[in-house]
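Engineer: what's the 3D shape of this:
(2 chains)
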Amino acid sequence: MTAIENIQATDSEIDVERALERRQKMLAIAVPLGTAASLILLWQIGVRLFAVPTYIAPAPTDVAFTLVDKFPILLANFWPTLYESVLGFIVGNIAAVLIAVAFVHSRTVERAFFPIAVFVNTIPILAIAPILVLIFGPGLTAKVVIAALICFFPTLVNMVRGLQAVSPQALELARILSASKSEVFWKIRLPSSLPFLFSALKIAATTSVIGAIVGEWVGADMGLGALIIDATFNFNSPLLYATVFMSSGLSVLMFATVSIVERLVVRW
Amino acid sequence: MPSIVETQVTPVGTPTGPIAASLKDASVKFGSFTAIRGMSIDIEEGAFYTILGPSGCGKSTMLRLVSDLIPAAAGDVSIFGKSTEEARLAREFAFVFQDATLLPWRSALKNVELPLEIGRRRGIKLPIGNKSPRELLKLVGLEGREDALPHELSGGMRQRVAIARALVCQPKLLLMDEPFGALDEMTRDHLNLQLLKIWEETGVTILFVTHSIPEAVFLGQKVMMLQAHPGRLREVVDIDLPSPRTIEQRDTQEFVKYSAYLRKLLETC
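Structural biologist: Have a look, this model is predicted:
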């Protein structure tokens, strides 16, 4: 009898616990959403209350209207930027991974090229973008190179760390099994670097979009970057804000894609 | 000192059967530091040796020397009459580390299969084990967990996967460096019994480093006591307890006498 009561007690306890957990999860979503909604509302009230001219700061409703009204134009400019970001992401990260592998295999190569990589990384991307546009012309290549460049360094550093983050015992195990250098690389080093690689790729997913947009600022007639410049010079603030919204949407899309791939690949 | 033990202390290096491994005046140096000096012993084939000693006595170093992970500064080490390198290439021995050292992205089964995947193309001789990786997992009591990733297994289970992996190439010599050191008492007892069963079934020679005197007595046919500064062999004690060993034997007077003798010996090392 007491045993049954105990079981029932624990059952209801579990129910209470579950309800609490659900409540906490709801809160975790509701709090930031609510904050964001209130801030937007505050912005709307502020703009209307102080009668701020639209070209200085548009009301959220103006931006929302433009987002719907000008959606075809926004989308037409979205695709080139997406294309440049993705290409830059791929090129920059492949280069970084290959160079990281070279660094890990040869201390000499690392000594020779790492300072150069650090130096290139210290040049602000805004400063180097015009140089690259001069070299590669106003076409696609310059934007891809700029996006690739901005992805490159974080991935290089993380990948080098990842490839070196193998436990000494795993290497002893490899030695006892008489594993060759390439077996150690493919079976141990490369898989154990994947969590490091993905944390770098998540950074690169959003920075590659910045790179593409900066590239478009310097010289382009299509793309979200070009649209930003165009809207700014025409004092078309609602369009400018809508474009910024699309740009961050692109970053979120890239980030989410990498995160999903990470979850599928890094299951440990 | 109990008389029963006194009579069973064997002089170092007097084997009665075939030899699995042999150290002749072997020394190991790390720079100017002497980790092991002048160690000589013949390891009998098929025997279960446990290795005890204070920290810094070179227990782990000795296993690393035998397994060709570190070279001998002087002297000679041979395994089944071959050099340690030849023995390594022929997969004569396997190593079980204190930490299971499983590859976290591989399932239990894939971890056990790892030794079979390495060196296949370069003609390293892969002894065809009489037991498949699946059968080995069953042998260590992990049937049904083949697809589990290491982080889904308990510490004891991970160590059992490591033992299955060590057995997959049918080694003749199994080197174990405090394999159960990080586990709780219950799990350790369970794995000790399982290891003895495996030892009896496979006839493999085992060198087993431990910090625990009861574990050394319980598992070992022979206990090697090492001495520190520099590391060297102090004594080999024959443990003459009936086989198969049972947990209950630990409460017998003989068991306690061996433990007491080794504890005293350890204090002087």
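Engineer: what distance separates stretch A:67-76 from the centre of its chain?
Structural biologist: 23 Å (C-alpha atoms, centre = their mean, to the nearest Å).
Engineer: buried residues in that stretch?
Structural biologist: A:Leu67, A:Lys70, A:Leu74 (16 or more other C-beta atoms under 10 Å in any protein chain shown). No exception for glycine: its C-beta is placed from N, CA and C like everyone else's.
Engineer: Report the spatially closest residue to the last one, excluding sequence-adjacent ones.
Structural biologist: Nearest non-adjacent residue to A:Leu74, counting by C-beta to C-beta, 6 or more residues apart in numbering or on different chains: A:Met246, 5.2 Å away.
Engineer: which of the buried residues of stretch A:67-76 lies closest to chain B?
Structural biologist: A:Leu74 (41.4 Å; C-beta to the nearest C-beta).
Engineer: Just to check, that closest one is in contact with A:Leu67?
Structural biologist: Yes. Shown here, A:Leu74 and A:Leu67 form a contact pair, counting by C-beta atoms under 8 Å, at 7.1 Å.
Engineer: Walk me through the domains of the chain.
Structural biologist: By default, I'm working from chain A. Using automatic domain parsing, the domain ranges for chain A come out as A:1-51, A:60-265.
Engineer: The intended chain is chain B.
Structural biologist: Domain assignment for chain B by automatic domain parsing gives B:17-51+B:68-92+B:171-269, B:101-170.
Engineer: what residues does the stretch 1-150 of chain B put near chain A?
Structural biologist: Residues of the stretch 1-150 of chain B lying close to chain A by C-beta under 8 Å from any C-beta of the partner chain are B:67-69, B:88-89, B:91, B:93-95, B:97, B:99, B:101, B:103-105, B:114-115, B:117-119, B:122, B:124, B:149-150.
Engineer: Just the buried residues out of these, in PyMOL syntax.
Structural biologist: In PyMOL, a selection of the buried entries from those looks like this (16+ other C-beta under 10 Å):
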select buried, chain B and resi 67+68+69+88+89+91+93+94+95+97+99+101+103+105+114+115+118+119+124+149+150
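Engineer: Of the residues of the stretch 1-150 of chain B next to chain A, which belong to strands?
Structural biologist: B:Phe93, B:Ala94, B:Phe95 (DSSP state E).
Engineer: ok so, going back, now list whatever residues contact both of A:Leu74 and A:Leu67.
Structural biologist: Residues touching both A:Leu74 and A:Leu67 (C-beta atoms under 8 Å, 6 or more residues apart in numbering or on different chains) are A:Ala242.
Engineer: All the helices of chain A, in order from the start?
Structural biologist: Secondary structure of chain A (DSSP state H): helices located at A:2-49, A:60-69, A:71-105, A:107-122, A:125-136, A:140-164, A:168-176, A:181-184, A:190-218, A:224-233, A:237-265.
Engineer: Contacts made by the fourth one with the rest, please.
Structural biologist: If I follow you right, that is helix A:107-122. A:Ile99, A:Ala102, A:Phe103, A:Val104, A:Leu149, A:Phe152, A:Phe153, A:Leu156, A:Val160.
Engineer: Where does the prediction get shaky in the chain?
Structural biologist: Unless you meant another one, I'm taking chain A. Along chain A, the parts satisfying pLDDT under 70 run over A:1-11.
Engineer: you looked at the wrong chain, it should be chain B
Structural biologist: In chain B, residues with pLDDT under 70: B:1-16, B:121-129.
Engineer: Enumerate every residue touching the residue nearest to A:Leu74.
Structural biologist: A:Leu74, A:Asn77, A:Phe78, A:Leu224.
Engineer: what's the spacing between B:Cys57 and B:Tyr261?
Structural biologist: Using C-beta to C-beta, to the nearest Å, B:Cys57 is found at 18 Å from B:Tyr261.
Engineer: about what we covered before: highest average neighbour count across the domains of chain A?
Structural biologist: Comparing the domains of chain A by mean neighbour count (mean count of other C-beta atoms under 10 Å in any protein chain shown), domain A:60-265 ranks first with a mean of 19.
Engineer: and the end-to-end length of it?
Structural biologist: 39 Å (C-alpha to C-alpha, to the nearest Å).
Engineer: now stretch A:45-64
Structural biologist: 15 Å.
Engineer: Can you give the contact residues for it?
Structural biologist: Under C-beta under 8 Å, 6+ apart, the answer for stretch A:45-64 is A:Ile40, A:Trp43, A:Gln44, A:Thr66, A:Phe235, A:Asn236, A:Ser237, A:Pro238, A:Tyr241, A:Ala242, A:Phe245.
Engineer: Please apply the same query to stretch B:76-89.
Structural biologist: By C-beta under 8 Å, 6+ apart, stretch B:76-89 touches A:176, A:178, B:19-26, B:65-68, B:90, B:92-93, B:124-125, B:172-173.
Engineer: Mind checking which of these land in helices?
Structural biologist: A:Ile176, B:Leu65, B:Val66.
Engineer: list the contacts for the last one?
Structural biologist: Applying C-beta under 8 Å, 6+ apart, we find B:Val66 in contact with B:Ala21, B:Leu23, B:Val77, B:Ile79, B:Thr84, B:Phe93, B:Leu173, B:Leu175, B:Leu207.
Engineer: Distance of it relative to A:Ala212?
Structural biologist: 58 Å.
Engineer: same question, the second one
Structural biologist: When C-beta to C-beta is applied, the distance between B:Leu65 and A:Ala212 equals 58 Å.
Engineer: now do the first one
Structural biologist: As judged by C-beta to C-beta, A:Ile176 and A:Ala212 stand 49 Å apart.
Engineer: With A:Ala231 instead?
Structural biologist: 17 Å.
Engineer: now swap in A:Val261 and tell me
Structural biologist: A:Val261 is 20 Å from A:Ala212, by C-beta to C-beta.
Engineer: what's the nearest residue to B:Leu233 if we skip its chain neighbours?
Structural biologist: B:Met39 (5.3 Å).
Engineer: residue of the stretch 151-269 of chain B with the smallest distance to chain A?
Structural biologist: Closest point on the stretch 151-269 of chain B to chain A, by C-beta to the nearest C-beta, is B:His151, at 5.8 Å.
Engineer: Just give the number of residues close to the residue nearest to that residue when sequence neighbours are not counted.
Structural biologist: Computed as C-beta to C-beta, 6+ apart, the closest residue to B:His151 that is not its neighbour in sequence is A:Trp268, at 5.8 Å. A:Trp268 has 14 neighbours, counted by other C-beta atoms under 10 Å in any protein chain shown.
Engineer: Quick check: A:Trp268 touching B:Pro104?
Structural biologist: Yes. Using C-beta under 8 Å, A:Trp268 makes contact with B:Pro104 at a distance of 4.1 Å.
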